[in-house]
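I'd like to go over a predicted model; first the sequence, then the structure.
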Amino acid sequence: MDVMGHDEEGAVGAPFYRPQGDECDVFAHAHALGLPLLLKGPTGCGKTRLVSHMAARLGRPLYTVACHDDLSAADLIGRYLLKGGETVWVDGPLTRAVREGAICYLDEVVEARKDVTVVLHPLTDDRRRLLIDRTGEDLTAAPGFMLVASYNPGYQNILKTLKPSTRQRFLSIAIDFAPPDQETAIVAAESGLAADRVAPLVRLAGKLRALKGQDLEEGVSTRLLVYGATLIAQGMPVERAVRAALIEPLTDDAEVKRGLLDLFTAVFG
Ligand SMILES: Nc1ncnc2c1ncn2[C@@H]1O[C@H](COP(=O)(O)OP(=O)(O)O)[C@@H](O)[C@H]1O
Ligand SMILES: [Mg+2]
């Protein structure tokens with residue numbers, strides 16, 4: 001297989017991912033060089049899909065960890081567990097990935113507890129080491145290991161941004177919602193709804209996204225568009241599908257909802 005993961009077998013069966021730019025390229029090079037990668041972008045724009053696509057193309061196992069504010073270093077590294085009266089060490093997903101040369105994906109990494117970054121630092125420089133203090137093991141990452149993290153810079157939370165000392169250890173790619181033509185193709189492929197019926201949904205999404213920061217905290221994601229289009233493809237009336245997939249998920253405010261429905265009427269007539 002070449003660096004780009006262009007290998008007839010590797011590509012077969014990889015989850016569908018339509019590139020927006022050169023992100024697959026950058027990903028493949030980062031992997032070949034053993035460099036960690038940070039994916040920045042809003043919820044539902046395709047970050048997780050990119051990682052699963054590239055893991056398949058590169059032929060590496062993938063361990064995904066959804067980070068949350070209680071996630072600790074031990075959750076990543078592993079811990080001693082009681083099994084039938086005996087204490088046994090059980091590797092966490094990061095340790096498994098380091099041993100196997102797998103890809104470890106830390107989704108929404110800023111959510112994790114501070115002690116997690118301490119673990120990541122020696123893994124993200126050229127030592128590529130993971131120290132397991134509980135067992136005394138000092139592991140060097142197996143070839144093929146790659147650390148990928150994602151975060152949503154849209155959350156305007158001062159407390160939850162990556163520290164420069166952490167983010168400057170990662171190559172970074174900014175991903176946004178795909179431009180309308182591409183997003184239409186993605187949603188049509190994912191939902192089975194014809195492209196000419198997807199196009200107005202994508203136009204509506206553009207209008208909803210323009211309200212971000214005013215009436216809406218977040219614009220509508222590609223994921224929600226896929227849900228809406230799937231409902232329509234299965235025969236649900238368009239307005240009901242739009243309400244369930246594109247309006248209710250975005251707001252609880254009755255007045256804002258009415259405004260969003262007006263946008264729907266303007267686009268669909
Ligand atoms: N470039 C893309 N190619 C294929 N599908 C995509 C793409 N972008 C978004 N999607 C669709 O949107 C959904 C949500 O994407 P996901 O990767 O889970 O978002 P994120 O991880 O950024 O929150 C996917 O399940 C897929 O259906
Ligand atoms: Mg995700």
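Cool, the structure landed. Keep in mind it's a predicted model, so treat the numbers as computed, not measured. Ligands and ions are numbered 1, 2, ... in the order given.

May I see the buried residues of stretch 19-37?
Using 16 or more other C-beta atoms under 10 Å as the test for burial, stretch 19-37 gives 20, 23-24, 27-28, 30-31, 35-37. To be clear about C-beta, it is placed using only N, CA and C from the backbone, and glycine gets the same treatment.

Ends of that stretch, what's the gap?
End-to-end distance for stretch 19-37, by C-alpha to C-alpha, to the nearest Å: 16 Å.

What of stretch 26-44?
Start-to-end, stretch 26-44 (C-alpha to C-alpha) is 20 Å.

What distance do you get for A245 to P200?
Relative to P200, A245 is positioned 14 Å away (C-beta to C-beta, to the nearest Å).

Same check on G235?
17 Å.

What of T222?
16 Å.

follow-up on the earlier one: what about A245 and P200, which has more around it?
A245 (23 against 16; other C-beta atoms under 10 Å).

Give me the neighbour count for the nearest residue to that one once chain neighbours are set aside.
Spatial nearest neighbour of A245, excluding adjacent residues (C-beta to C-beta, 6 or more residues apart in numbering): G228 at 3.3 Å. For G228, the neighbour count with other C-beta under 10 Å is 29.

Please apply the same query to R129.
Neighbours around R129, by other C-beta under 10 Å: 14.

and it, what is it in contact with?
Neighbouring residues of R129 by C-beta atoms under 8 Å, 6 or more residues apart in numbering: 122-123, 138-141.

and it, backbone torsions?
Main-chain torsions, R129, degrees, to the nearest 10: phi -110, psi 150.

The residue of the chain at minimum distance from ligand 1: what's it in contact with?
Closest approach of the chain to ligand 1 (C-beta to the nearest ligand atom) occurs at G46, with a separation of 2.6 Å. The contact partners of G46, taken as C-beta under 8 Å, 6+ apart, are 17, 20, 175, 178, 186, 222.

Give me the spatial nearest neighbour of the second one, chain neighbours excluded.
Closest residue in space to Q20, ignoring its immediate chain neighbours: A178 at 5.1 Å, by C-beta to C-beta, 6+ apart.

Look at that neighbour and report its pLDDT.
At A178, the pLDDT value in this model is 95.

Contact residues of the stretch 101-250 of the chain facing ligand 1?
Proximity of the stretch 101-250 of the chain to ligand 1 (C-beta under 6 Å from any ligand atom) is limited to residues 178, 186, 190, 222-223, 226.

give me that answer again for 8 Å
By the rule C-beta under 8 Å from any ligand atom, the part of the stretch 101-250 of the chain lying against ligand 1 is 107, 150, 152, 175, 178, 182-183, 186-187, 189-190, 221-223, 225-226.

Any idea which of these the model trusts least?
Across these, the member with the lowest pLDDT is N152, scoring 88.

Could you report the neighbour count for that one?
Residues lying near N152 (other C-beta under 10 Å) number 20.

Test my guess that it contacts G44.
No: using C-beta atoms under 8 Å, N152 is not in contact with G44; the gap is 9.8 Å.

Not counting its neighbours along the chain, what's nearest F264?
V242 is the one closest to F264 (C-beta to C-beta, 6+ apart), at 5.3 Å.

Quick check: the gap between that neighbour and Y80.
Here V242 is placed at a distance of 51 Å from Y80 (C-beta to C-beta).

These two: which has the busier surroundings?
V242 (24 against 13).

thinking again about what came up before, looking at the residues of the stretch 101-250 of the chain next to ligand 1, point me to the pair that's furthest apart.
Farthest apart among these by C-beta to C-beta are N152 and A189. That separation is 24.2 Å.

quick revisit: return the members of the contacts of R129 classed as buried.
Buried residues within the contacts of R129, defined by neighbour count using 16+ other C-beta under 10 Å: 123, 139, 141.

residues near the residue lying closest to H53 once chain neighbours are set aside, how many?
Leaving out its chain neighbours, the residue that sits closest to H53 by C-beta to C-beta, 6+ apart is Y17, at 3.6 Å. Residues within reach of Y17, counting by other C-beta under 10 Å, total 18.
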